[in-house]
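>>> Provided below for reference: sequence and predicted model.
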Amino acid sequence: MERYSEIKSKIKREIVLLKSFPCIWSKCTFCDYIEDNSTCEEEIIQINKEVLKKVTGKYGVLEVIDSASIFELPKETLQNIKDIINEKNIHTLFIESHWLYHEKIEEIRQFFGIKVIVKIGVETFDEEFRNVVLNKNAHFTSIEQLKRYFDSPCLMVGIQGQTKQMIDNDMMILQTYFQYGTINIYRNNSTTIKRDDDLVCWFLNKYNDLIEDSRYDFLYTPTDFGVGD
């Protein structure tokens, strides 16, 4: 498992994939990422300490991800991250959280004390597909409510059952309302949710310019950031 890398295009930054406690939700139909979770706090803390030692601060920007939310990291690991931020003069931090923690977002911003870009796995702005098909349990009522807490939606493209109209709407909302975002091309995994290759080809052709947009990260495979397995 590769847990440290550098993102050298668009927003240059270091990125670490840390180990966490189990995801608060853990019921998304498309996700087997949670297999990296652990219930052994000692193991989690030790692995994360070794990974964080690799951070140099060379870009002044750090992204911290895990197989759950930032809030599923042990308190000791959160303090380790804060110490690294101070030691390495990091001015911007990217983190990720499930919607269920939205009322705690301001608390974590205050804890780190620097510019914090908070990502959320929206997957799609289509309410029914997000919460019925993908079972995300992310029930925000409007884009304005989402933006009140989160800065950067992660969107998924190419799932069987998605439509071109859904994706067009997702890309319109992303470009209209968000300065940051991530576009993920879905890859088959151990779940029953499958990829639609025709939809992926259509997207890559139609949205080639968006893929190159400096505001948004684009992942053709989940490991394109250089971390993961």
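It's in.
>>> report the longest strand in the protein, please.
strand 115-123 (DSSP state E).
>>> Can you name every helix or strand that it contacts?
Judged by 3 or more CB pairs under 8 Å, 6 or more residues apart in numbering; DSSP states H and E, the packing partners of strand 115-123 are strand 92-96, helix 105-112, helix 143-149, strand 152-157. Quick note: C-beta positions are derived from backbone N, CA and C, even for glycine.
>>> Could you report the neighbour count for the closest residue to residue 180 other than its chain neighbours?
Excluding its sequence neighbours, the residue lying closest to residue 180 (CB to CB, 6 or more residues apart in numbering) is residue 152, at 3.7 Å. Number of residues near residue 152 (other CB atoms under 10 Å) recorded here: 21.
>>> how close does residue 32 sit to residue 177?
30 Å (CB to CB, to the nearest Å).
>>> ugh, wrong one, residue 158
Taken as CB to CB, the span from residue 158 to residue 177 is 22 Å.
>>> what do you get for residue 115?
19 Å.
>>> Residue 154 now?
Counting by CB to CB - residue 154 and residue 177 are separated by 14 Å.
>>> ok, which stretches of the protein are helices?
41-52, 75-87, 105-112, 127-128, 143-149, 164-177, 197-206, 208-211 (DSSP state H).
>>> contacts for the worst-scoring helix or strand of the chain on mean pLDDT?
In the chain, no helix or strand scores lower on mean pLDDT, DSSP states H and E than helix 208-211, which sits at a mean of 93. For helix 208-211, contacts defined as CB atoms under 8 Å, 6 or more residues apart in numbering pick out 171, 175, 183, 204, 216, 218.
>>> Return the set of buried residues in it.
residue 210 (16 or more other CB atoms under 10 Å).
>>> for it, the distance to its chain's centre please.
Helix 208-211 has its average C-alpha position 20 Å from the chain's average C-alpha position, going by CA atoms, centre = their mean, to the nearest Å.
>>> Please shift the residue numbers so they start at 579 in all later answers.
New numbering, starting at 579: the last item is helix 786-789.
>>> C-alpha coordinates for it, PDB please?
Extracted in PDB, the C-alpha atoms of helix 786-789 (Å, rounded to 0.1, in the frame of the first residue of the first chain):
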ATOM      1  CA  ASN A 786     -12.000  16.800 -22.400                       C
ATOM      2  CA  ASP A 787     -11.600  20.600 -21.700                       C
ATOM      3  CA  LEU A 788     -13.000  20.200 -18.200                       C
ATOM      4  CA  ILE A 789     -10.600  17.300 -17.500                       C
END
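>>> Nearest to residue 600, out of the helices of the chain?
For residue 600, the closest of the helices of the chain is helix 619-630, at 10.9 Å, according to CB to CB.
>>> Which elements pack onto the closest one?
strand 591-596, helix 653-665.
>>> what angle do that helix and strand 591-596 make?
160 degrees (axes from the mean of the first three to the mean of the last three CA atoms, to 10 degrees).
>>> residues making contact with helix 619-630?
So helix 619-630 is contacted by 581-582, 594-599, 616, 651-652, 654-655, 658-659, 662 (CB under 8 Å, 6+ apart).
>>> Using PDB, write out the CA atom coordinates for it.
Output in PDB follows, covering the C-alpha atoms of helix 619-630 (Å, rounded to 0.1, in the frame of the first residue of the first chain):
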ATOM      1  CA  GLU A 619      -5.800   2.300  17.600                       C
ATOM      2  CA  GLU A 620      -2.200   1.500  18.400                       C
ATOM      3  CA  GLU A 621      -1.700   0.100  14.800                       C
ATOM      4  CA  ILE A 622      -3.400   3.100  13.300                       C
ATOM      5  CA  ILE A 623      -1.300   5.700  15.200                       C
ATOM      6  CA  GLN A 624       2.000   4.000  14.400                       C
ATOM      7  CA  ILE A 625       1.300   3.600  10.700                       C
ATOM      8  CA  ASN A 626       0.200   7.200  10.400                       C
ATOM      9  CA  LYS A 627       3.300   8.500  12.300                       C
ATOM     10  CA  GLU A 628       5.600   6.800   9.800                       C
ATOM     11  CA  VAL A 629       3.600   8.100   6.900                       C
ATOM     12  CA  LEU A 630       3.500  11.700   8.200                       C
END
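>>> Sounds good, over and out.
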